[in-house]
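In: coordinates only, sequence not included:
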DNA sequence: CCTACCGATCGGTAGG
DNA sequence: CCTACCGATCGGTAGG
């Protein structure tokens, strides 16, 4: 009896880890456009062809889904920028490093990763419990920019009288504001990265 | 009978325009911290010591309140930047104009106007009907920055190879991202404005 | 993984 | 300006 019930469950559900990822993909896509409050479990369920209650077979709560999306989103852009810097020749100068980092960040945010843009869009509206979970990831990512900008300032490649904190906040602001105006196809991320670097460097 | 009912109404309500403005003030304060979806009519009503249904004595809908806040918020920062530029001596150079405009914008966004920050926070989550109403105001405001940045680029005071569009989006991004990290008292808007201008100018 | 449902809350309305 | 209420919708649960 119990075995038969278990068998029935196996037929009704898709392969476990796969639908988990499908749910996160759908949630990321909805979160990046609608934000935390407007994205309902019913929206997510419908996007993956499920009923609302079935989501709880894969996740314990809406916030667990949102937290997973946000953490993955930060980790994704962390990996993108880290590997972009790692792939640079050791002869690369400050400007080339900065352009590579900006391009990788913009690419994750604007083209590649619904997860990264979902995090940016939803972070401030998510409850404290979710934000606390994401904070560790965010700090790890921001450390990349602290180091990069500090190096630039130390090498006197940045404008005089501008503190490292302000310079870092400026570049993050320029980049993270871009979803407000960027249109895929109409703008080139490589060109934007070079322009942003030209603004920031002396 | 009808006169007596009207008299009773007059006793129960505060003076009309005043509570209208109180409602908008409360809505602006809630919208700037919680955003469009999380700000409920019950929140707004409670903040002004009313019951939820009574709000409809002053406004036709939640969206009417939100639209009024957003339009006022853009008009406020428009006036702040316009008068800051007007008050400059005619001998003012590009850098002084840019610093004045940035300081006025940051001041409205970070210190003075709940309405301006409410608009920034809520615009993307508000329904189309509200955004359409605000769009006219936003375009009028953005025209200030188009003109200012175009003048700077024409005077060759900006970095080479950076288009006016990108330079304008960069400064707006730097400024509009500031609510993410700015802490009143710990940062000086005057200092920030000068640093931002130093980043943007050659 | 679905059906059926719960309590809470939302924007808004009727009637006074 | 309040009381009392409406239909819709939310996150979440029980039971299969």
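Out: Yes, it's here. Just so it is clear, the structure is predicted and the values come from calculations on it, not from any experiment. Residues are numbered from 1 along each chain as shown, chains lettered A, B, ... in the order given.
In: Might one say that residue A:44 is in contact with residue A:64?
Out: No. Using CB atoms under 8 Å, residue A:44 is not in contact with residue A:64; the gap is 11.9 Å. C-betas here are computed from N, CA, C, even on glycine.
In: Which of those two has more residues huddled nearby?
Out: residue A:44 (26 against 16; other CB atoms under 10 Å in any protein chain shown).
In: Is whatever helix or strand that one lives in positioned near DNA strand D?
Out: Using DSSP states H and E, residue A:44 sits in helix A:41-47. Yes. Judged by CB under 7 Å from any atom of the strand, helix A:41-47 and DNA strand D are in contact via A:41-43.
In: Repeat that for stretch A:124-136.
Out: No. Against DNA strand D, stretch A:124-136 shows no contacts by CB under 7 Å from any atom of the strand, the least distance being 9.5 Å.
In: Which positions within that stretch qualify as buried?
Out: Buried residues in stretch A:124-136, counting neighbours by 16 or more other CB atoms under 10 Å in any protein chain shown, are found at A:125-126, A:130-131, A:133-134.
In: for the record, mean pLDDT for it?
Out: Per-residue pLDDT over stretch A:124-136 has a mean of 97.
In: Work out the gap between it and the centre of the chain.
Out: 14 Å (CA atoms, centre = their mean, to the nearest Å).
In: ok so, going back, tell me the one of the residues of helix A:41-47 next to DNA strand D nearest DNA strand C?
Out: Nearest to DNA strand C, judged by CB to the nearest atom of the strand, of the residues of helix A:41-47 next to DNA strand D is residue A:42 at 9.3 Å.
In: Show the contacting residues for the nearest residue to that closest one once chain neighbours are set aside.
Out: Spatially, and ignoring its direct neighbours in sequence, residue A:42 is nearest to residue A:52 (4.6 Å; CB to CB, 6 or more residues apart in numbering or on different chains). Contact partners of residue A:52, counting by CB atoms under 8 Å, 6 or more residues apart in numbering or on different chains, are A:41-42, A:45.
In: near DNA strand C, from those?
Out: Among those, DNA strand C is touched by residue A:45 when using CB under 7 Å from any atom of the strand.
In: Just the buried residues from the contacts of residue A:52, in ChimeraX please.
Out: To isolate the buried ones among those in ChimeraX, judged by 16+ other CB under 10 Å, type:
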select /A:41,45
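In: worst-scoring helix or strand of chain A, pLDDT-wise?
Out: helix A:2-12 (a mean of 42; mean pLDDT, DSSP states H and E).
In: For residue A:193, give its distance to chain B.
Out: 11 Å (CB to the nearest CB, to the nearest Å).
In: So that residue sits against residue A:96, correct?
Out: No. Using CB under 8 Å, residue A:193 is not in contact with residue A:96, being 10.6 Å away.
In: In terms of neighbours, single out the busier of the two.
Out: More neighbours surround residue A:193 than the other of residue A:193 and residue A:96, with 21 against 14 (other CB under 10 Å).
In: Which residues are in contact with the more buried one?
Out: Going by CB under 8 Å, 6+ apart, residue A:193 touches A:99-100, A:102-103, A:106.
In: Tabulate the residues you listed (TSV), appending distance to residue A:152, neighbour count and secondary structure.
Out: Converted to TSV, these look like this (distance: CB to CB, whole Å; neighbours: other CB atoms under 10 Å in any protein chain shown; DSSP: H, G, I helix; E, B strand; the rest coil):
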residue	distance to residue A:152	neighbour count	secondary structure
A:99	12	23	helix
A:100	13	21	helix
A:102	12	25	helix
A:103	16	22	helix
A:106	18	25	helix
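In: What count of nearby residues applies to residue A:88?
Out: 15.
In: same deal with residue A:87?
Out: So residue A:87, with other CB under 10 Å, has 10 neighbours.
In: Phi first, then psi, for it.
Out: phi -80, psi -10 (degrees, to the nearest 10).
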